[in-house]
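>>> Sharing a sequence plus its predicted fold:
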Amino acid sequence: MWTTLSSRVERFTIAVIVATIPCAGAKGVSPEAPRDAPESAVLRPLAQQLPLLPARLEIESAVVHRAAQVPELVDLAGRPSTPIEGFVVIEVRTEQPLGDVARSALPVIILNGTPLVEARAVDQQRLVALVPAAKVRERNTVAATCLGAEQTRSSSKPIVVRGP
């Protein structure tokens with residue numbers, strides 16, 4: 001058989017053909033080549049990504065509930081490891097949406113001048129916090145702010161609410 005491939009040109013031609021056979025089935029793009037970004041990942045200006053944040057977190061209403069009376073709010077606020085009889089749930093509704101809480105400063109409830117960092121934003125206009133009943137007085141002042149942006153996002157008028 002090697003007598004049929006005695007010419008150097010024939011050997012070179014066959015080597016080129018054999019080397020290009022694996023490339024014949026390729027689509028033209030290497031599997032490791034970078035792909036185009038999907039439409040959802042295309043960067044947009046920040047003004048288009050986030051809703052405008054309100055200048056202040058003004059409170060529409062605030063309510064103090066006994067934890068045993070509102071188990072659905074206890075679940076939203078984060079159920080404690082101890083029995084809930086000694087706890088109260090503070091629910092605050094804001095006048096305007098909180099904005100993108102994943103990218104902005106942390107919204108918290110301020111109870112009697114103390115920020116409750118355990119407060120959770122459960123929807124766009126509602127904050128909920130589970131606190132020990134001993135922290136709640138007969139009359140309480142409730143406000144809201146965003147930690148890290150207290151100068152521009154704090155409530156201008158705290159609301160006075162009664163204890164449970």
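Now that the structure is in, tell me what you want to look at.
>>> all strands for the chain, in order.
Along the chain, the segments classed as strands by DSSP state E run 59-66, 87-94, 106-111, 114-116, 120-123, 126-132, 139-147, 159-162.
>>> Output these in CSV; the columns should cover mean neighbour count and mean pLDDT.
In this view, the C-beta of every residue, glycine as well, is placed from N, C-alpha and C. Formatted as CSV, the entries for the strands of the chain read as follows, by neighbours: other C-beta atoms under 10 Å; pLDDT from 0 to 100:
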stretch, mean neighbour count, mean pLDDT
strand 59-66, 17, 92
strand 87-94, 23, 92
strand 106-111, 22, 89
strand 114-116, 17, 91
strand 120-123, 16, 88
strand 126-132, 21, 92
strand 139-147, 19, 90
strand 159-162, 14, 89
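>>> Walking through the chain, point out its helices one by one.
8-24, 46-49, 71-77, 150-153 (DSSP state H).
>>> Any stretches of the chain with poor pLDDT?
Across the chain, the stretches falling below the confidence threshold (pLDDT under 70) are 1-9, 18, 21-29, 37-54, 101-104.
>>> Leu73 is nearest to which of the strands of the chain?
The closest of the strands of the chain to Leu73 is strand 87-94. By C-beta to C-beta, the value is 4.6 Å.
>>> picking up where we left off before, in CSV, list the strands of the chain along with distance to Asp100.
Rendered in CSV, the data for these read as follows (distance: least, C-beta to C-beta, whole Å):
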stretch, distance to Asp100
strand 59-66, 20
strand 87-94, 14
strand 106-111, 11
strand 114-116, 21
strand 120-123, 10
strand 126-132, 15
strand 139-147, 12
strand 159-162, 25
